[in-house]
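>>> for reference, the sequence and a predicted model appear below.
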Amino acid sequence: MTDIQGDWPLYEVFVRGKRGLNHVHVGSLHAADDEMAVRHARDVYTRRNEGVSIWVVRSDAITASSPDEKDPLFAPSGDKVYRHPTFYDIPSDVPHM
Amino acid sequence: MTLAPEADESELRAVFEATIERHDRIEPRDWMPEAYRKTVIRQVAQHAHSEIIGMQPEGNWITRAPSLRRKAILLAKVQDEAGHGLYLYSACETLGVSRLELTEMLINGKQKYSSIFNYPTLSYADVGTIGWLVDGAAICNQVPLCRTSYGPYGRSMIRICKEESFHQRQGYELLATMMRGTDEQREMVQESVNRFWWPALMMFGPPDDDSPNTAQSMAWGIKRNTNDDLRQRMVDMTVPQAKALGVTLPDPELRWNEERQSHDFGSPDWDEFKDVITGNGPCNTQRIAHRRRAHEDGAWVREAAMAFAARGAEA
């Protein structure tokens, strides 16, 4: 994403809802610099105690995988059903499995 | 990384159609037909502009709120509208249109906002009526949009719906308080409801047989219900609320239809609706002039912040 003349840079905002949870992407906003992005994120995304911690990062600093769901990037996990517990037959009378 | 250039359009279109068919979401970097992109931009931009322009009719009363409690509530509500506008602008920008372009299309009249905000707020009861009827209509419209096919739009709607419930309840409580007051206050409430009832029903847009975009928007899962369906839902929800409040709704044709298990009601004045959306409502000029002034007067602040950030980066 490139800066468009006249707009402040775009930031992505991540909020931790409470201790023990991951930061989760909640949306984006424009700000002139990092500090302003945190302040704006507080006003835009946490008006009702939605968070205890905010991360902001410039959108143009993010590297993403291809949007295609059949991306070969994910092929290595596609054919490995044995990585899931349901792959294994265990007699139903065996406890604690 | 991008899709292989040889992936031809019919293949991409098939993937898009299949995603819509599964009621799955379209995400920003997915291939989408140009007409889909344009339709979502138009709808989300109109929605964002409505939130931003919608701050004006109520903002008008912040300095004249009757108590500190009402003032704090109204400030919080107007601040929420700004927030809602920002969520929606962000969603819209994921489709490749810039914030500046969106603002310019608003103040140059190239994109629209909801017709309701071109009506004036003449008394404090209007703050209550807007919360009850206007935000009530917005909720009717927005709840199904949480399942809209464009991912960022749906996620914005989920956030907005969570906050909108406060808006409707504060409005209804304000009116209920006035209804427990003097005869003069009760008259203020009734007069306000009389003015806002029909414009609130117009918020769902033209009747289905005069809404050229609806069929395509529904096929793409952008809209989930027709205008008339939502309007009916709004009437059915509101009638018992009006009764509890002790006000009448200004429609002589409004009555329960046992067979349909729904209310019959009159038709809004669609000539007035067309007049208002084409720019001839009571407040169109004032609303846009105000937004333009805020944008132009704020230019030096935006520039100064950028200059400050640039200097910080050098140091």
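Cool, the structure landed.
>>> need the residues of the stretch 51-200 of chain B near chain A, please.
Contact residues, the stretch 51-200 of chain B versus chain A (CB under 8 Å from any CB of the partner chain): B:76, B:79-80, B:83, B:86-87, B:90-91, B:93, B:98-101, B:155-156, B:159, B:163. Every C-beta, even on glycine, is put in place using the N, C-alpha and C of the backbone.
>>> please, where are all the strands along the stretch 151-300 of chain B?
B:255-257, B:262-264 (DSSP state E, counting those that start in this stretch).
>>> which of those strands sits most buried?
Among the strands of the stretch 151-300 of chain B, the stretch with the highest mean neighbour count (mean count of other CB atoms under 10 Å in any protein chain shown) is strand B:262-264, at a mean of 15.
>>> what packs against that strand?
With contacts defined as 3 or more CB pairs under 8 Å, 6 or more residues apart in numbering or on different chains; DSSP states H and E, the secondary structure elements packing on strand B:262-264 are helix B:227-245, strand B:255-257.
>>> that older thread, could you dump the strands of the stretch 151-300 of chain B to JSON lines with distance to residue B:272 and mean pLDDT?
Formatted as JSON lines, the entries for the strands of the stretch 151-300 of chain B read as follows, by distance: least, CB to CB, whole Å; pLDDT from 0 to 100:
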{"stretch": "strand B:255-257", "distance to residue B:272": "23", "mean pLDDT": "97"}
{"stretch": "strand B:262-264", "distance to residue B:272": "21", "mean pLDDT": "98"}
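>>> show me where the chain has its helices.
No chain in the question, so chain A it is. Residue ranges of the helices in chain A, as given by DSSP state H, are A:34-45, A:75-78.
>>> um, chain B though
When assigned using DSSP H, the helices of chain B occupy the ranges B:9-21, B:34-53, B:55-59, B:68-93, B:99-107, B:125-129, B:135-145, B:151-179, B:183-202, B:214-219, B:227-245, B:270-275, B:284-297, B:299-314.
>>> by contact count, what packs against the fourth one?
Translated: helix B:68-93. Using 3+ CB pairs under 8 Å, 6+ apart, helix B:68-93 sits against strand A:23-30, helix A:34-45, helix B:34-53, helix B:55-59, helix B:99-107, helix B:151-179.
>>> try the fifth one
With contacts defined as 3+ CB pairs under 8 Å, 6+ apart, the secondary structure elements packing on helix B:99-107 are helix B:34-53, helix B:68-93, helix B:284-297.
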